[in-house]
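# What shape does this take:
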Amino acid sequence: MDIIFKIMYIVFNSKKIKKVCENFELAKKKHGEVVAKSLIKRLDQIKAFPELGDFILSRLGHCHPLEGSRKGQFAVDLDKKKRLVFKPVIDEYTKVGELDFYKVKKVIVLEVKNYHHG
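So this is what the prediction gives:
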């Protein structure tokens with residue numbers, strides 16, 4: 001009997017963020033060792049869930065929706081200040097307010113940022 005693991009698929013907003021997220025040494029140089037370790041861990045955690053709804057419900061990294069100009073985006077804590085910001089990949093016909101997070105199987109990483117400052 002074959003065991004099939006379902007994981008969430010992660011894509012990146014730019015080549016630059018992809019490089020940082022996929023290279024520990026580069027992440028460490030840019031954000032420091034604590035954030036780099038946490039970044040790798042959070043990405044692994046996201047991938048470990050089959051749907052975004054399950055990841056949100058887990059509350060790992062204090063996953064929370066953002067508001068205002070960032071509505072439709074989510075953040076997870078990397079340290080006391082920096083967050084990994086991502087959003088669900090949805091089709092063009094789905095409105096954010098009508099989205100079923102248990103059908104989302106792909107997210108796009110937007111940035112690593114302290115969006116509370118400046």
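# which residues touch stretch 77-84?
For stretch 77-84, contacts defined as CB atoms under 8 Å, 6 or more residues apart in numbering pick out 31, 34-35, 38-39, 42-43, 61-62, 75-76, 109, 112-117. Glycine gets a C-beta too; all of them are placed from N, C-alpha and C.
# So which residue is smack in the middle of the chain?
For the chain, the residue nearest the mean C-alpha position is Phe86 (4.3 Å; CA atoms, centre = their mean).
# and that residue, what are its phi and psi?
Main-chain torsions, Phe86, degrees, to the nearest 10: phi -150, psi 170.
# What are the neighbouring residues in contact with it?
Ile10, Ile46, Gln73, Phe74, Ala75, Val76, Val107, Ile108, Val109, Leu110.
# related to what we said a few turns ago, just the buried subset of the contacts of stretch 77-84, please.
Neighbour counting by 16 or more other CB atoms under 10 Å classes His31, Val35, Ser38, Leu39, Arg42, Leu43, Gly61, Ala75, Val76, Val109, Val112, Lys113 among these as buried.
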